[in-house]
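>>> this one's structure only:
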């Protein structure tokens, strides 16, 4: 049985294949992963789950990740949760746009699953029970 002792990550991503891959990689690294396929599901998950970090897909059909990030950062009790943009947008200015929207970091797609855990670790809040 896998021990999820590194924290809980909300992964907001409309592509089920991407969600499945990232969940498997992060579970193997000791993270619990809660998934949301769209903005409404993400808000719902945040209302019911204690989340330590959010991986935010930027290109989603109903509400883009920039808008959802800004909304989450304005919600009571959620401003301190690190949000990392996960995006194929790699043009000049895209990283800055993610940070301006309130993202704390930026991971480029396609995601390098060999370095994903280290990239996330930098943003995970430090806990006294780890």
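That came through fine. Quantities reported herein were computed from a predicted structural model and do not represent experimental measurements.
>>> Figure out the helix or strand that residue 56 lives in.
Residue 56 belongs to strand 53-57 when elements are defined using DSSP states H and E.
>>> In terms of secondary structure, what does that strand contact?
When contacts are defined as 3 or more Cβ pairs under 8 Å, 6 or more residues apart in numbering; DSSP states H and E, strand 53-57 sits against strand 8-12, helix 65-74, strand 83-87. Any C-beta I mention is one placed from the backbone N, CA and C, and that applies to glycine too.
>>> What's the first helix or strand after the first one?
Using DSSP H and E, the helix or strand that follows strand 8-12 towards the C-terminus is helix 16-28.
>>> Show me the shaky parts of this structure.
Counting by pLDDT under 70, the chain contains low-confidence ranges at 1-2, 127-130.
>>> Spatially central residue (nearest the centroid) of it, please.
Using Cα atoms, centre = their mean, the residue of the chain that lies closest to the mean C-alpha position is residue 55, 0.9 Å off.
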